[in-house]
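Student: have a look at this prediction, sequence included:
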Amino acid sequence: MPNSPASTDKGGPCPYCTNTIPAGRAVSFCPHCGLNVTVAQCPACSSEVEPGWHFCVTCGRDVSALPKVADAATRNAKF
Ligand SMILES: [Zn+2]
Ligand SMILES: [Zn+2]
């Protein structure tokens, strides 16, 4: 099993274009549309929500329940 320091190695669909993001490597940008996949997006207004934010700076929506994709937010991961 490779030693992967980053947490964005699970792959899965891009939240913007829904194409598959490659698994097994640290991916910062969608290879299909260029979206920065390390940054979550507000479900209400699609503004970028940085790790650790609890509310969208644009519309004020509670985004604390968004999945954390960036490294900094997953330092406490179970493994
Ligand atoms: Zn994409
Ligand atoms: Zn918003």
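Tutor: Now that the structure is in, tell me what you want to look at. Ligands and ions are numbered 1, 2, ... in the order given.
Student: which helices and strands sit right next to the helix-or-strand element of the chain with minimal mean pLDDT?
Tutor: The weakest-scoring helix or strand in the chain, judged by mean pLDDT, DSSP states H and E, is strand 40-41 (a mean of 82). Here strand 40-41 touches strand 48-49, going by 3 or more C-beta pairs under 8 Å, 6 or more residues apart in numbering; DSSP states H and E. Placement of C-beta: from N, CA and C, glycine included.
Student: quick check, the strand it packs on touching ligand 2?
Tutor: No. Strand 48-49 does not reach ligand 2 (C-beta under 5 Å from the ion); its nearest approach is 7.5 Å.
Student: list the strands paired with that strand, with their directions.
Tutor: Strand pairing for strand 48-49, determined by DSSP bridges: strand 40-41 (antiparallel).
Student: pretty sure Pro15 sits against Val39.
Tutor: No. The pair Pro15 / Val39 is not scored as a contact, 10.0 Å apart, by C-beta atoms under 8 Å.
Student: neighbour count for those two, which is higher?
Tutor: Between Pro15 and Val39, counting by other C-beta atoms under 10 Å, Pro15 is the more crowded of the two (17 against 14).
Student: ok, the more buried one - contacts?
Tutor: With contact taken as C-beta atoms under 8 Å, 6 or more residues apart in numbering, Pro15 is in contact with Leu35, Val37, Gln41.
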